[in-house]
Each structure stands twice: as structure tokens, then as C-alpha cells.
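K.L.:
coords please:
(chains A and B)
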Amino acid sequence: GQQLNQSPQSMFIQEGEDVSMNCTSSSIFNTWLWYKQDPGEGPVLLIALYKAGELTSNGRLTAQFGITRKDSFLNISASIPSDVGIYFCAGQLFSGTYKYIFGTGTRLKVLA
Amino acid sequence: DTAVSQTPKYLVTQMGNDKSIKCEQNLGHDTMYWYKQDSKKFLKIMFSYNNKELIINETVPNRFSPKSPDKAHLNLHINSLELGDSAVYFCASSLGLAGGIEQFFGPGTRLTVL
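P.N.:
As a prediction, this is how the structure comes out:
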């Protein structure tokens, strides 16, 4: 089935550093979404991207929808300890209904 | 005033038992989902309902049966539980066909089958 590959799988960074992660697919998606999951909780939407080439920011977060519609990246600037968690990309398809395919996740740990 | 709530939060049971997980959303959304997150944190959609009708069923064993009594509730019943069913199950909702991109997730139910 369809799969979204995220990289890196996990990363340790120092507080204050910038972080980049990306998501690639063999399929084309209509929308890309980025979620964050804190321990013991459900994912929460960070950014939604609606068209190819779009670059969107949400505070210290910036995400881009790849031109080919098969990839997306997320940047976090000046990381802080509360950025720790698992970041998921998700691609959305529409074929009669909305369907979401989630990426494999990037586990972020921030060292103070 | 939790947007998407699930009960129970934790469920520990023996192999072969039947159990249910309940989900309720107070957002007025039309579409609800069940996801399974395994030990490697992979999130996979299981089912989606729109206005109480099943619209996505992703190759899930028929031991899993979702039930939507109304569009604010989507329960998941699991028969003859197996070890491999151990996972965290998330309910989510969205505006769905009404135009909602964002899915709101519940806090999850951690199911452990012994």
C-alpha cells in the first residue's frame, strides 16, 4: 500500500538549534499535513499545505509542499525543550472521501 | 469540554476476550475515524465513518467492528482478542466531506492483550 517515509527517524539536538525533517512518497497527494504527538496523547495538527510549492509558517515552524507533490519538509527554528515529541507527516487523498496516509514519524529530543 | 474523548484510557485483557472502546466528539463533525498505532508508532487508519455510514475500511480483520449510533459517536468492538491487537487506538474526527482538512484526535486507548 501507500507509504510515506520520513527522515530522520530520530534526532537529538541542542536547545536553540534548527531542525529539519522531510517526508517522501511514491504517490502524489492533494494536501500535506504535519502533526506533533506528545507522549501519551494524540497527534495535533501543526501545519496544513494545500498546493504544490506552498511555503507556510506557524511560529517557529515552517513547512513546504514539494513541487512534485510527492514530498514535504518541516523546519523548526531555535528549538526549545517542549519541541520534544514525534512529528508525523500525512498526505491526504480524495477519492470519494478524504483519506490520510501517515508517515513513519521523526522522534525529536532536545537537550537543554 | 474535551473535543474528542475516548474510554477507557487503558485496557488490559486476556487473549480471546471481547472488548469495546468508546469515542465521542462534541465538535459537530460529520466524519470520525479509528487509527491503530503500533509499538513502532506507525499510525494506520482502520475505519472512517461519515454521518454514521462506513466510508473507509482498510483491510481490518472482521473481528473489529465499528458502530456509529449517531454522528457524534464511533465505538470500536473487538472480538476474540489476539496478542497482535495490542496497540494504542486513536479516534479522530473532522468536518470531512463538509470541507475539513484538520483531524482532531482523541487521547488514545492503550490496549494490552495478555
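K.L.:
could you use CA atoms for every contact and neighbour count after this?
P.N.:
Fine.
K.L.:
so who does B:Cys23 touch?
P.N.:
Applying CA atoms under 8 Å, 6 or more residues apart in numbering or on different chains, we find B:Cys23 in contact with B:4-7, B:73-75, B:91, B:106.
K.L.:
again, only using 7 Å
P.N.:
B:5-7, B:73-75, B:91 (CA atoms under 7 Å, 6 or more residues apart in numbering or on different chains).
K.L.:
all helices of the chain, in order?
P.N.:
With no chain named, the answer covers chain A. For chain A, no helices are identified by DSSP state H.
K.L.:
quick one: mean pLDDT over stretch B:72-91.
P.N.:
The pLDDT scores in stretch B:72-91 average 96.
K.L.:
re earlier: compare the contacts of B:Cys23 and tell me which is most surrounded.
P.N.:
Greatest neighbour count in these, by other CA atoms under 10 Å in any protein chain shown, goes to B:Cys91: 33 neighbours.
K.L.:
grab the nearest non-local neighbour of the residue nearest to the spatial centre of chain B.
P.N.:
Centroid-nearest residue in chain B: B:Trp34, 3.0 Å away (criterion: CA atoms, centre = their mean). Distances taken as CA to CA, 6 or more residues apart in numbering or on different chains put B:Cys91 closest to B:Trp34, at 4.6 Å, once the chain neighbours are dropped.
K.L.:
quick one, what contacts that neighbour?
P.N.:
Neighbours of B:Cys91 in contact, by CA under 7 Å, 6+ apart: B:23, B:33-35, B:105-106, B:108.
K.L.:
and for A:Tyr35?
P.N.:
A:43-46, A:87-89.
K.L.:
before we move on, the earlier item: beta partners for the residue nearest to the centre of chain B?
P.N.:
Here B:Trp34 shows beta-bridge partners B:Phe47, B:Cys91, assigned using DSSP bridges.
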